[in-house]
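> Prediction below, plus the sequence it came from.
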Amino acid sequence: MTSFITTPSILGIWHMERDLFIEGNILYSTGKELMTTDGNSTALVYASNTSMSDSSFIAVSGFAQTSRAEVVFVDEVNGCLRSMNRSSNLMYNLTGDCGRRGYEDGFHALFEYPLFVVQDHFTPCLLYVPDLTNYAVRMVVKSSRPYVTTLISSANRPFRRIYTAITQAHHRKYLYITHSHGLECYDQMTNTSVDLILTRHHFGDALIYDSSFISFLSIILYKGLIITADYSQNRIFIVNPKTRSISLMCSGVAGQQPGNLSVCQLDSPMGLLEDDDDIYIGDKYGIRIIEGE
């Protein structure tokens with residue numbers, strides 16, 4: 001594992017994608033700003049002009065590039081989605097009533113605590129948004145009048161699930177979703193879910209945090225496997241969706257030094273990106289690379 005670029009951030013790197021607007025760059029979010037980098041230098045794409053304690057602060061957590069110039073990002077502080085045009089630098093509220101939280105579908109949707117967003121590979125006008133404390137995955141139909149529905153809800157399950165991150169298979173309409181209890185696969189054709197990994201113990205509706213605790217906060221697909229980051233214990237896991245098995249890629253050593261996978265050091269990893277068989281990992285230190293074979 002080697003260092004791609006050092007970009008210390010108190011909140012870490014939340015999400016990364018290949019930059020569609022600047023060829024060769026990586027676009028990433030830090031919770032406070034949207035940045036782009038070529039590995040040698042970084043440039044600011046967007047940042048709120050107020051402090052995090054200010055009521056007008058706009059956060060940037062998860063995002064999706066819906067076209068070369070448009071970025072839809074989640075403002076989890078204000079509970080809404082915003083759209084930014086990188087050519088004009090114009091921004092508008094896409095859906096959700098920014099500053100007002102709740103749970104409401106339709107044209108006047110409310111979100112409680114959205115965190116990430118992903119665009120549907122097969123139907124680009126669809127966006128999927130994990131809504132943490134509504135225990136749901138919401139679907140946004142992106143149009144001149146965006147419409148929001150609830151795709152998945154765990155509010156009535158024995159153990160409610162706090163959905164966090166989401167990605168979609170390229171060959172089938174499967175959504176892979178991380179949540180407070182593990183990892184599940186949602187089949188969009190049959191509207192059914194299957195648990196791939198369950199990682200926590202329960203007492204009533206509460207979670208027991210012990211050495212088996214895994215906090216899945218990001219997820220990517222890699223050669224038919226699922227790669228996910230454990231933010232709390234600095235680990236990277238590999239999940240085989242066919243066998244429903246899980247194994248360690250990085251063992252969970254806290255630190256900031258590059259090295260081989262047996263001693264890889266990470267500092268609260270969250271952002272993951274696969275590109276040309278290489279795996280990029282974003283944490284509070286910067287972006288590291290695990291080079292593919």
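Ah, there it is.

> which residues are in contact with stretch 153-163?
Applying Cβ atoms under 8 Å, 6 or more residues apart in numbering, the contact partners of stretch 153-163 are 130-137, 152, 177-181, 202, 205. Where C-beta positions appear, they are placed from N, C-alpha and C, glycine not excepted.

> Any stretches of this protein with poor pLDDT?
Where the chain drops to pLDDT under 70, the residues are 51-55, 158-159, 200-214, 258-263, 293.

> could you pull out the helices for it?
Ranges of helices in the chain, per DSSP state H: none exist.

> how near is residue 127 to residue 91?
Distance, residue 127 to residue 91, using Cβ to Cβ, to the nearest Å: 16 Å.

> Tell me which of those two has more neighbours.
Shown here are residue 127 and residue 91; by other Cβ atoms under 10 Å, residue 127 has more neighbours (24 against 14).

> pretty sure that one is touching residue 137, no?
No. When contacts are counted by Cβ atoms under 8 Å, residue 127 is not listed as touching residue 137 (10.8 Å).

> Name the nearest of the contacts of stretch 153-163 relative to residue 27.
Residue 27 lies nearest to residue 130 out of these, by Cβ to Cβ, at 20.0 Å.

> Restricted to buried residues, select the contacts of stretch 153-163 in PyMOL.
In PyMOL, this line selects whichever of the contacts of stretch 153-163 come out buried by 16 or more other Cβ atoms under 10 Å:
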select buried, resi 130+131+132+134+135+136+137+152+177+178+179+180+181
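
> so of the contacts of stretch 153-163, which ones are in strands?
Of the contacts of stretch 153-163, the ones assigned to strands by DSSP state E are 130, 131, 136, 137, 152, 177, 178, 179, 202.

> so residue 142 makes contact with residue 127?
Yes. In this structure residue 142 lies within contact range of residue 127 using Cβ under 8 Å: 5.8 Å.

> what do those two both touch?
With Cβ under 8 Å, 6+ apart, residue 142 and residue 127 have common neighbours 66, 72.

> bridging residues for residue 235?
Beta bridges link residue 235 to residue 230, residue 251 when assigned by DSSP bridges.

> Looking at the contacts of stretch 153-163, spot the one nearest residue 11.
Among these, residue 132 lies closest to residue 11 (Cβ to Cβ), at 16.2 Å.

> ok, for the closest one, nearest residue in space, not its chain neighbours?
residue 113 (4.2 Å; Cβ to Cβ, 6 or more residues apart in numbering).
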